[in-house]
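K.L.:
this one's structure only:
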């Protein structure tokens, strides 16, 4: 573990230990290197609250059209038209005004009855359970349903959309995101746009299809199909990520401060303050990147034009110059404004919706489940540098729940000693641990004259296995399966078999690799 006081100041946004616990390093940066330069990845970083606000406000010096992610800036990745979060005026102004009216506070607050109804449906299956996972059971369920309601995404397609948007955020631990080939917008989302154009509804996508505006060339027009696809990608991704992480961090924080959680149970009017404090304490986006268009000065030193710079939001929110005892959760804090949602013209357009969802989730949850603990030793952080939040966050409400989580974590170890079977023919239930939670399918393997074949079924669709091989001596198995929805994609499974259980990984094209397990029925 990198200890902030044990070595010279060093900050690396990809280092697993720093990602896991960044705040000691942030404090050292604020005290010893408020303008910091990393020569390995060639970027500058500012960490004090006033410097971060100054940088985020100055959109002329620190421009967004090269991207808001360090890897995009360093690789000089072109931005598809309509990527309004990565645009500068006048194009940013044009696009933001087009979409901002659809996310005005009055309209977002008017969604409260529907969001509350969706929340109740998500929480209902958790009642009476000894344990559950805040991410799999709540964080991956509610935000995508809300943004799906706004965008008019059919219920049966929500999980597929969530998988696509989440996959774009993931990377190999300790490494930058790879944007080789550019910033790709998921073109299959065009199917939803085409369908909604023929079947208009009361949703944001229908309004975006019909909105007229004057573009930066003075032409009055509607959004192009390419722009609509980009808007869909941006809104679906952002609408899922921020609230998902907020739900997870709030769960962990309230478990660590049970006396303040009990205050919320007694007085629900304190919940908005608790949500704001969690947003300050654990911002889902730990930093924002900008390209430096002209020489800039911080702390009496110059950042040269042409540089990349990170504004460390997580550090700014913990600056003791602005927030007394900043590493402590205090729902009664007399607070300065945190910068979790940015500052200036690029303030997050969905901040009202994220706050609304966070408030409603915990209003409804605390009525039903007022006490819980987190099995932190079995939790895992999302493997990416662009957002910081939980991939899994198991919780329990009693000793039985704690025992179940512990036993489940030990299951693969218990079965590892079983011998490989001579045949894998039969029916297997395959569970892929995807970016949006577990996904099940049925694998049927047949053996004839020493040759294997089979089918795999899921989401109401059955596909023929293209290739399958199994080595009875080692237990190694591999098969491939071509799917057509939500896009044409080759799934390549590789793993090992012990007794009636498989474990391994599935490679899903550009979406990356995910672990899977399977049990014979």
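P.N.:
Received the coordinates, thanks. Because the structure is predicted, anything quoted here is derived from the model rather than measured. Numbers count the residues shown, from 1 in each chain.
K.L.:
beta partners of residue 497?
P.N.:
Counting by DSSP bridges, residue 497 is bridged to residue 502.
K.L.:
for residue 439, see how far away it is.
P.N.:
20 Å (Cβ to Cβ, to the nearest Å). For the C-beta atoms, the positions are set from N, CA and C on the backbone; glycine is no exception.
K.L.:
comparing the two, which shows the higher neighbour count?
P.N.:
Counted by other Cβ atoms under 10 Å, residue 497 and residue 439 do not tie: residue 497 has more neighbours, with 25 against 19.
K.L.:
any weak-confidence spans in the protein?
P.N.:
Within the chain, the segments meeting pLDDT under 70 span 1-7, 156-188, 411-418, 434-437, 485-488, 509-512.
K.L.:
give the buried residues for the longest helix along it.
P.N.:
Ranked by residue count under DSSP state H, the longest helix found in the chain is helix 225-256. Buried residues in helix 225-256, counted by 16 or more other Cβ atoms under 10 Å: 227-255.
K.L.:
go on, stretch 348-367?
P.N.:
Neighbour counts over stretch 348-367 (16+ other Cβ under 10 Å) mark 348-366 as buried.
K.L.:
report the distance from it to the chain centre.
P.N.:
Centroid displacement of stretch 348-367 relative to its chain, using Cα atoms, centre = their mean, to the nearest Å, is 16 Å.
K.L.:
before we move on, what about stretch 117-130?
P.N.:
22 Å.
K.L.:
helix, strand or coil for residue 456?
P.N.:
Three-state assignment for residue 456 (DSSP: H, G, I helix; E, B strand; the rest coil): strand.
K.L.:
separation between it and residue 466?
P.N.:
According to Cβ to Cβ, residue 456 stands 10 Å off from residue 466.
K.L.:
intersection of neighbour lists for the two?
P.N.:
The contact sets of residue 456 and residue 466 overlap at residue 481 (Cβ atoms under 8 Å, 6 or more residues apart in numbering).
K.L.:
compare the two and say which is more crowded by neighbours.
P.N.:
For residue 456 and residue 466, the more surrounded residue by other Cβ under 10 Å is residue 456, and the numbers stand at 22 against 13.
K.L.:
surely residue 37 touches residue 44?
P.N.:
Yes. Residue 37 is in contact with residue 44 according to Cβ atoms under 8 Å; the separation is 5.4 Å.
K.L.:
neighbour count winner among those two?
P.N.:
residue 44 (20 against 15).
K.L.:
and the more buried one, what does it touch?
P.N.:
35, 36, 37, 38, 292, 303, 307, 308, 309, 310.
K.L.:
could you tell me whether the third one really is in a helix?
P.N.:
It refers to residue 37. No. Applying three-state DSSP, one finds residue 37 to be strand, outside a helix.
K.L.:
for it, give its distance to residue 479.
P.N.:
Per Cβ to Cβ, residue 37 is found 49 Å from residue 479.
K.L.:
the stretch 51-200 of the chain: strands as residue ranges?
P.N.:
Here the stretch 51-200 of the chain has its strands, by DSSP state E, counting those that start in this stretch, at 62-63, 131-133.
K.L.:
what residues does the shortest one touch?
P.N.:
The reference is to strand 62-63. Applying Cβ under 8 Å, 6+ apart, the contact partners of strand 62-63 are 55, 56, 88, 290, 291, 292, 293, 296, 309, 311.
K.L.:
next: the longest one.
P.N.:
In this structure, residues lying in contact with strand 131-133 by Cβ under 8 Å, 6+ apart are 126, 138, 375, 392-397, 400-402, 404-405.
K.L.:
of those, just the buried ones, PyMOL syntax please.
P.N.:
Applying 16+ other Cβ under 10 Å to those, the buried members can be selected in PyMOL as follows:
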select buried, resi 126+138+375+392+393+394+395+396+397+401+402+404+405
